[in-house]
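# following is a predicted model, sequence given first.
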Amino acid sequence: MEKIFYGENENQFGELRLPEGKGPHPVAVVIHGGFWKAHFGLDLMTDMAEDLTANGFATWNIEYRRVGQEGGAWPGTLTDVALATDYVSTLADTYPLDLTRVITIGHSAGGHLALWLAGRHRIPDKSELHITNNPLPISAVVSLAGVSDLDMMYGVHHFRDKLFSLDPNNPTAELLKGSPEEHPERYKEASPIELLPLGVQQVLVHGALDINVPIGISDHYHREAQEAGDFVKLVELPDAEHFMIIDTSTEAWAAVREEMLLLINKG
């Protein structure tokens with residue numbers, strides 16, 4: 001494993017792992033979750049990255065500035081993952097990477113970012129999130145309990161806080177620095193469902209027992225993506241909760257690995 005910086009900030013780096021063999025290797029851009037918050041880091045995905053590498057993928061497990069850190073939240077969190085992903089083309093100058101087979105795979109908030117990366121070519125030029133006219137092409141996306149609809153996720157937390165008279169704790173609002181009513185353009189530019197059709201294969205894996213990100217979010221996105229003309233597959237795991245799908249000791253992870261290998265064998 002090599003730690004490589006794609007920017008100047010201490011959080012703008014990734015961990016590159018290469019499988020055995022000469023390559024060129026398919027690439028999995030691995031994106032951790034944690035509701036975009038600072039106290040969660042890329043170590044959440046270490047076991048997953050190692051497993052994918054053992055199964056033939058070069059993995060680029062990326063870190064990024066997060067909510068609670070200088071430069072994190074809107075727009076830095078999103079532009080960081082964009083910069084990190086585009087940096088794969090620079091890595092390919094030194095390492096045997098197949099730029100025609102790049103899959104983004106993320107969990108929870110990382111699932112949101114994985115989908116967003118595949119759709120950012122549809123962001124308006126005037127957007128703060130638009131950092132290049134030639135983003136690295138993504139061949140497929142795997143969203144693991146991903147927040148594919150930011151407006152809906154905002155609504156879930158807002159309802160809970162209101163129902164139980166809790167102090168506001170809305171991670172989506174913290175990411176975008178406001179509500180959908182305050183910043184409608186940010187929700188349109190940052191939410192994958194607003195960027196449909198993405199134009200790439202998408203696999204949504206979600207546990208039916210998930211209480212962190214309701215499976216209804218993936219179900220709704222799945223229907224909207226199909227209607228928009230995208231090739232999208234929803235894999236519902238009836239016995240899995242939120243974190244089982246990134247635990248490499250579980251059957252849930254085995255299902256994720258199988259989906260990744262299917263995508264690469266089609267590529």
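Nice, I can see it. Residues are numbered from 1 along each chain as shown.

# can you pull out the helices in the stretch 101-250 of the chain?
With DSSP state H, counting those that start in this stretch applied, the stretch 101-250 of the chain shows helices at 109-119, 150-163, 171-176, 184-190, 215-227, listed in chain order.

# pick out the shakiest of those, pLDDT-wise.
Of all the helices of the stretch 101-250 of the chain, mean pLDDT reaches its minimum on helix 150-163 (a mean of 79).

# to V235, which of the helices of the stretch 101-250 of the chain lies closest?
Ranking those by proximity to V235 (CB to CB) places helix 215-227 first, at 9.3 Å. Yep, even glycine has a C-beta here, placed from its N, CA and C like the rest.

# check which residues of that closest one are buried.
For helix 215-227, a neighbour-count test (16 or more other CB atoms under 10 Å) marks 215, 217-218, 221-222, 224-225 as buried.

# just stretch 51-58 next, same as before
Residues of stretch 51-58 classed as buried: 51-53, 56-58 (neighbour count, 16+ other CB under 10 Å).

# looking at those residues, spot the one nearest E241.
Distances from E241 to those, taken by CB to CB, are shortest for D51, at 19.4 Å.

# tell me which element the closest one falls in.
Using DSSP states H and E, D51 maps to helix 46-54.

# show me what that helix is in contact with.
15, 17-19, 28, 30, 59, 61, 105, 246-248, 253, 257, 260 (CB atoms under 8 Å, 6 or more residues apart in numbering).

# what's the farthest-apart pair in those residues?
Of all pairs in the contacts of helix 46-54, the most separated under CB to CB is L18 and D247 at 23.8 Å.

# more neighbours, the two?
For L18 and D247, the more surrounded residue by other CB atoms under 10 Å is L18, and the numbers stand at 16 against 13.

# for the more buried one, which non-adjacent residue is closest in space?
Nearest non-adjacent residue to L18, counting by CB to CB, 6 or more residues apart in numbering: A58, 5.2 Å away.

# thinking the one you found is in contact with V30, fair?
No. Using CB atoms under 8 Å as the test, A58 is too far from V30 to be in contact (10.5 Å).

# list only buried entries from the contacts of helix 46-54.
Taking 16+ other CB under 10 Å as the criterion, what is buried in the contacts of helix 46-54 is 15, 17-19, 28, 30, 59, 61, 105, 246, 248, 253, 257, 260.

# so which of these belong to helices?
Of these, the ones assigned to helices by DSSP state H are 253, 257, 260.

# show me which of those is closest to D151.
Using CB to CB, M260 is the member of those that lies nearest D151, at 28.7 Å.

# which residues touch V235?
Going by CB under 8 Å, 6+ apart, V235 touches 203-206, 255, 259.

# separation between it and A208?
Applying CB to CB, to the nearest Å, the value for V235 to A208 is 11 Å.

# H183 now?
32 Å.

# which one's more surrounded, those two?
Taking neighbours as other CB under 10 Å, H183 and A208 compare with H183 leading, 16 against 11.

# that one against L176, yeah?
Yes. Here H183 reaches L176: they are 5.7 Å apart, a contact under CB under 8 Å.

# that concludes my questions; thank you for your assistance.
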